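> Provided below are the primary sequence and the corresponding predicted coordinates.
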Amino acid sequence: MKQIRNTHAKTEILNLINGSDIALTHSDIQKKLGDLCNRVTIYRVLERLENEGAIHKIVNVDGVVNFAKCIGKCTHEQHFHNHVHFNCKKCHSVTCIENAIPEISLPDHFVTEEYNFVISGICPKCVDA
């Protein structure tokens, strides 16, 4: 079993993601961390956290990668994110919608490895603005 390394940068990045109601982009994380670490370190930490099952990746409708905390039984071998992601067209935020779990029935001989459900629209914050 691989040893899990905890660094100051890793701890700070995980705290940012766990404390956020929306998924964060690399750029969001870099802005919030300031000079704590460089962009390459952030990429490496994000990859490590995903491999450890602590966070998952979401690609929004614009092709931008966002990161959100894993809830439940994710491992480095498999992520369980059978939920919808909501992408706001105004503020570009991405939110995990845990209670919306679509059921998909594929034809015979199709094997699902992963899927990504993204709904786009206007989030409550932007509707009220």
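Looks like it came in fine.
> any weak-confidence spans in this structure?
In the predicted model of the chain, residues 1-6, 72-82, 100 satisfy pLDDT under 70.
> contacts for the lengthiest helix in it?
As assigned by DSSP state H, the longest helix anywhere in the chain is helix 39-51. Residues from elsewhere that reach helix 39-51 (C-beta atoms under 8 Å, 6 or more residues apart in numbering): 5, 7, 9-10, 13-14, 17, 26, 29-30, 33, 37, 55-57, 67, 76, 79. (Each C-beta comes from the backbone N, C-alpha and C, glycine too.)
> give me the buried entries from the residues you listed.
Taking 16 or more other C-beta atoms under 10 Å as the criterion, what is buried in the contacts of helix 39-51 is 9-10, 13-14, 17, 29-30, 33, 37, 55-57, 67, 79.
> which of those residues fall in helices?
Those of those mapping onto helices are 9-10, 13-14, 17, 29-30, 33, per DSSP H.
> now the residues you listed as a markdown table including distance to Thr112?
As requested, those are exported to a markdown table (distance: C-beta to C-beta, whole Å):
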| residue | distance to Thr112 |
| --- | --- |
| Ala9 | 34 |
| Lys10 | 31 |
| Ile13 | 30 |
| Leu14 | 28 |
| Ile17 | 26 |
| Ile29 | 30 |
| Gln30 | 33 |
| Leu33 | 35 |
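> just the strands in the chain please.
Listed in chain order, the strands found in the chain under DSSP state E are 24-25, 55-59, 65-69, 84-88, 94-97, 117-121.
> helices and strands around the shortest one, which ones?
With contacts defined as 3 or more C-beta pairs under 8 Å, 6 or more residues apart in numbering; DSSP states H and E, the packing partners of strand 24-25 are strand 65-69.
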